[in-house]
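Q: What shape does this take:
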Amino acid sequence: MASQNKLQIIRWAVIITSFIIVALILWNTYDFFQKFKTEERAKMEVLAKAYERLSSVDLDTEISLESKIIGNNHNIPMIITSEKDSITEWSNLDIDKAKNSKFLLKQLSIMKNQNNPITVSYLSNNENITLNIYYRDSDLLTKLKYYPVALILILVLFASVIYLFFKSNKVAEQNRLWTGMAKETAHQIGTPLSSLLGWIEILRLENTDENTVKEIENDVFRLNTIAERFSKIGSIPKLKPLDIIYVTSSSFDYLKSRSSKQVEFNFEAPEKEILVNINLQLFSWVIENLVKNAIDAMEGKGKIALAISETEKNVTITISDTGKGIPKNLQQKIFSPGYTTKKRGWGLGLSLAKRIIEDYHNGKISVQKSEINKGTTFSIRLKK
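A: Residues are numbered from 1 along each chain as shown. Reported below is the predicted structural model:
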């Protein structure tokens, strides 16, 4: 227990430390972004001053510095407009696209949304000229703006991989635990079973009522079947072609003979063999689990209907009850290991059923339909 608590503390320490590191990286990135944006604004203001001075002088000897300042802007896209907002000049935009007036108007709209314009006023030929310089963030600043988003996505992806890794390890560990417990259970059941078979022979020698002996023998064989089921957990079972109707009806009839008379059982199937590759012990386990769940859902009173139908390639088994039903938001969760709505039980029945049908038999098991206080229908589909 102490080692588990220590591991839990370390885990939370790592999570909190990672969160603090990420927060610091994001804050520093934001701070750098703001400083970079301020610097770009300052550059544009200097450029505007140079543009204003350049427009107000005539001598070439006096404009070398201003020309150099304007010419050094190679990375900040800009558009200059007149007082009436008509575009007069532009720079650092795609030359081919800028030939299209719609493209320029779109860029101008982006610039207006990103930054306030810088106004330039100067006197030319005794006329007061006013221009607006619009600009948008440079490509480098734009990339920097999306850097935190990319960082968060990478961290989320990394965290998801770690989570899935630990989850798969935990599931694998649980599977090994359940497999070991199941095989040990099968081993423990084997010893008294051998003894019970001997006692049955003694009862026959003592001329005990044959019907009584036969019922005891059936239950002993039943225990042997359960032991075989547990012994197969964790290993790949052997499948062989069997009549799905006979196998299903045998499991159905066994529970019918041992259930309350207040439960009405109904079985419908074609009057012929339908061969399907199955494992007898495991498949009958699924049928019994579903029928038992149906009886529990009806609290020992109601109707259970099992129907078998076929198509050219598949066979479908439906098990319906008139129980309390399953809410829609729980219809997927019920197949998860450990999930149960019962006060007793470990929530393994439907999980095992799903694994047996889908992993071992390459079939499909699902809740076909369910209505609260009206009942539920489970569906199993297998290839013929």
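Q: and the longest helix anywhere in the chain, what does it pack onto?
A: Determined from DSSP state H, the single longest helix within the chain is helix 139-205. When contacts are defined as 3 or more C-beta pairs under 8 Å, 6 or more residues apart in numbering; DSSP states H and E, helix 139-205 packs onto helix 2-55, helix 210-232. C-betas here are computed from N, CA, C, even on glycine.
Q: To residue 336, which of these lies closest?
A: helix 210-232 (20.9 Å; C-beta to C-beta).
Q: Report the angle between that closest one and helix 139-205.
A: If you take axes from the mean of the first three to the mean of the last three C-alpha atoms, to 10 degrees, helix 210-232 sits at 150 degrees to helix 139-205.
Q: per-domain residue ranges of this structure.
A: Domains of the chain are assigned by automatic domain parsing as 2-137, 236-383.
Q: Quick one: low-confidence residue ranges for the stretch 51-200 of the chain.
A: Along the stretch 51-200 of the chain, the parts satisfying pLDDT under 70 run over 54-74, 124-125, 171, 174-175, 177-180, 182-184, 186-188, 191.
Q: Sorry, slip of the keys, the one I care about is the stretch 201-350 of the chain.
A: Scanning the stretch 201-350 of the chain for pLDDT under 70 picks out the ranges 232-235, 337-348.
Q: quick one, strands of it?
A: Applying DSSP state E, counting those that start in this stretch to the stretch 201-350 of the chain gives strands spanning 240-243, 263-268, 275-278, 302-310, 314-321.
Q: Distance to residue 216 and mean neighbour count for those strands - can I get that in TSV?
A: Below are those laid out as TSV (distance: least, C-beta to C-beta, whole Å; neighbours: other C-beta atoms under 10 Å):
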stretch	distance to residue 216	mean neighbour count
strand 240-243	27	13
strand 263-268	24	14
strand 275-278	28	19
strand 302-310	27	18
strand 314-321	29	20
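Q: quick revisit: now the angle from the longest helix of the chain to helix 2-55?
A: 160 degrees.
Q: Between the two ends of stretch 87-103, how far is it?
A: Taking C-alpha to C-alpha, to the nearest Å, the first and last residues of stretch 87-103 lie 12 Å apart.
Q: oh, and call the first residue 532 from now on, that's how I've got it
A: Right, with 532 as the first residue, what we last looked at is stretch 618-634.
Q: what comes up buried for it?
A: 618, 621, 622, 623, 629 (16 or more other C-beta atoms under 10 Å).
Q: mind checking how far residue 880 is from residue 737?
A: Separation of residue 880 from residue 737 (C-beta to C-beta, to the nearest Å): 39 Å.
Q: same check, this time on residue 889
A: Separation of residue 889 from residue 737 (C-beta to C-beta) stands at 49 Å.
Q: re the thing from before, what's the most distant pair in the buried residues of stretch 618-634?
A: 618 and 623 (14.2 Å).
Q: thinking again about what came up before, with distance to residue 685 added, can I get the domains of the chain in TSV?
A: What follows is those, written out as TSV (distance: least, C-beta to C-beta, whole Å):
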stretch	distance to residue 685
domain 533-668	10
domain 767-914	30
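Q: right, so the ones you listed: which one is the most enclosed?
A: domain 767-914 (a mean of 17; mean count of other C-beta atoms under 10 Å).
Q: May I have the distance across that domain, first residue to last?
A: Domain 767-914 has an end-to-end distance of 18 Å (criterion: C-alpha to C-alpha).
Q: roughly how far is that domain from the heart of the chain?
A: Chain-centre distance of domain 767-914: 26 Å, with C-alpha atoms, centre = their mean, to the nearest Å.
Q: Likewise for stretch 685-703?
A: 12 Å.
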